[in-house]
Structures are given as C-alpha cells and as structure tokens.
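Trainee: Fold the following.
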Amino acid sequence: MKSHLKLKWKLLLLITLLSPVFFTCKGNVGLGSTIDITPPTVRIDSPEAAGAPARGSFVIKGKAEDDTQIKSVHVMLLDSNGGLKSSGHAELSDKSGASRSTAKDVREWWILFENKMEGGKHVLPDGEYTIKVDVVVRKSGEKRQQRPQSLR
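Mentor: From the prediction side, this is the model:
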C-alpha cells in the first residue's frame, strides 16, 4: 500500500512538472508573424513635384510597397480646407515588383481624375489640392498609409 501511495505522488509530481511544457505557447513568443506591425509605404510619382499644375483631366500614379499582399489603393483629392473634392480606387499593376530576396509586394498604381463640367463649372476648379493616398493590405486586418502631396 505504501508503494502504491509513493507511485501516486511520483505521478502527480511528474504531471505537475511536465504540464507547463504541454500547455504553454508552441514557440510563438511575441508578435511573430501573427500580427502585421509594419505599415505599407507609398510613393507618388506623378505629378512629379509638389505644387505641380494640373489642367483638365489628369493622371496620378505611384508605387505602393508592403511586406504582405496589397489589396487596394485609394486616392483622394482634398481642397485647401481639407474637404474631400474627389476620390477613387486606383488601378493596380498585376505583377508584384518584388524580388525573390525580399518578400515584399510592390505594385504600381494609377488613377485618372476626369475634371468634368457640371452646371457650367469644372468639378475641380483651379486651386490648390492635396493628394492623399491610402494603401490597404491583406493580413490580420487592414492598415493604411497616407502620403499627402499638393497639386495646383
């Protein structure tokens, strides 16, 4: 009977010592690949210079880069008071420009803003506008990167 009691205590001690090994994290310590904490980057290539003039209809284009998959690029034109004047989703290049050595998704994007006449006036009258770009990526949710640039 004493040996049976000793065996129970040894078994209980063994279970107590080994339980942290079986019931803790499986090596995913920290954030690891489960949470995407690196924001995407965005570049505006055209118009080339801040304050560049735009007349009539015009194209805004650039490049977006992220360590995950780029889902969409949304471009907005804001007036001098920060009010939204026009916006749209940009077209994305089909192929990623990433090299095999980097696991980044690099996409070119472009959008045509048609400055139509409505009620005898242009939708985008002469003035100064700010270009704001949001990049939405696929991962554990969405994240955005804004890159303002002025346009006249």
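
Trainee: Next, work out how far apart the closest residue to Lys116 other than its chain neighbours and Trp110 are.
Mentor: Using C-beta to C-beta, 6 or more residues apart in numbering and skipping residues adjacent in sequence, the residue nearest Lys116 is Val123, 5.4 Å away. Just so you know, the C-beta spots here come from the backbone N, C-alpha and C atoms, and that holds for glycine as well. According to C-beta to C-beta, to the nearest Å, Val123 and Trp110 sit 19 Å apart.

Trainee: cool, and Asp94?
Mentor: 13 Å.

Trainee: ok, those two, which is more surrounded?
Mentor: Using other C-beta atoms under 10 Å, the more surrounded residue of Asp94 and Trp110 is Trp110, with 16 against 7.

Trainee: Need the three-state assignment for that one.
Mentor: Three-state call for Trp110 (DSSP: H, G, I helix; E, B strand; the rest coil): strand.

Trainee: Give the bridge partners for the nearest residue to it once chain neighbours are set aside, please.
Mentor: Take Trp110 and drop its neighbours on the chain: the residue closest to it by C-beta to C-beta, 6+ apart is Lys61, 3.8 Å away. Counting by DSSP bridges, Lys61 is bridged to Ser46, Trp110.

Trainee: burial count for Lys61?
Mentor: As a burial measure, Lys61 scores 17 neighbours (other C-beta under 10 Å).

Trainee: was I right about it contacting Phe113?
Mentor: No: the pair Lys61 / Phe113 is not scored as a contact, 11.3 Å apart, by C-beta atoms under 8 Å.
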